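A.B. asks: Only the shape, not the letters, is given here:
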Ligand code: GTP
Ligand code: MG
């Protein structure tokens, strides 16, 4: 569609892999093992969405739904300095919301329809989208219920992205299983949650030191392949 816009990740490599950056009107799922960089990318996008359009932003605000308590204002300050924005201004333009359980998480997203309508919000992050659901509905015996609730939640997020032209970024921790991954990425333990729903799935993997590998999975409109980015003192870079 004509008014789809993109937010830079801070890494040219990663932007290129994504066809220019993280898209509005779309859910982007970042999935990968612990420490693979999901939360760091979410922090960086919450800063970068505030950049002017010629610098890869949307001059908009961010909502950060934090389910694991891993959001850090200090990291936002560092990243703001890293892109030359005033940290105090940047922090004012991020609405941090701690979701205490899956019910709360769902209720927050329902409330966002009014909030986004009346404010210049251009990014909604849910980090992580799955942790409460996994904790509250554990094991195979609860899988059907968990999936049903998650699917409804994802559907709400998709509507939000579509109606208000915002980017929605969700994270999902999976166990690393390179053996299976290279054969069929969706078979990584836990798998990605978007299934065949519309959206972009990005698999993240640890590499040497601060390097990370990203691969877009199951996206017919994007080129195959993977790329490398880094998590630096100033944020996400090549
Ligand atoms: P889980 O939530 O546990 O599944 O992991 P994640 O994928 O969200 O990983 P996260 O984005 O938290 O990445 C953690 C890694 O980012 C750390 O191991 C560090 O390498 C790096 N990192 C986090 N904070 C900083 C920081 O302030 N400075 C630098 N240079 N690197 C950082
Ligand atoms: Mg995280």
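C.D. replies: Received, thanks. It should be emphasised that the depicted structure is a prediction, and the values quoted were computed from it without experimental measurement. Ligands and ions are numbered 1, 2, ... in the order given.
A.B. asks: Other residues contacting the helix ranked longest in the chain?
C.D. replies: Longest helix in the chain by number of residues, with DSSP state H as the criterion: helix 143-164. Taking contacts as Cβ atoms under 8 Å, 6 or more residues apart in numbering, the residues outside helix 143-164 that touch it are 24-27, 102, 105-106, 109-110, 112-113, 116-117, 121, 124, 126, 129-130, 133-134, 136-137, 166-168, 170, 193-195, 197-199. The C-beta positions use only the backbone N, C-alpha and C, and glycine is treated the same way.
A.B. asks: gap between residue 175 and ligand 2?
C.D. replies: In this structure, residue 175 and ligand 2 are 14 Å apart, going by Cβ to the ion, to the nearest Å.
A.B. asks: For residue 111, what is the enclosing helix or strand?
C.D. replies: helix 102-117 (DSSP states H and E).
A.B. asks: That helix: what's the following helix or strand?
C.D. replies: On the C-terminal side of helix 102-117, the nearest following helix or strand under DSSP H and E is strand 121-127.
A.B. asks: Are that following strand and ligand 2 in contact anywhere?
C.D. replies: No: Strand 121-127 lies out of reach of ligand 2 by Cβ under 5 Å from the ion, never closer than 5.9 Å.
A.B. asks: From the chain's centroid, how far away is the next helix or strand after that strand?
C.D. replies: Using DSSP H and E, the next helix or strand after strand 121-127 towards the C-terminus is helix 131-136. Here the centre of mass of C-alpha atoms in helix 131-136, compared against the chain's by Cα atoms, centre = their mean, to the nearest Å, lies 18 Å away.
A.B. asks: now do stretch 78-89
C.D. replies: Distance of stretch 78-89 from the chain centroid (Cα atoms, centre = their mean) equals 20 Å.
A.B. asks: Alright, calling it a day.
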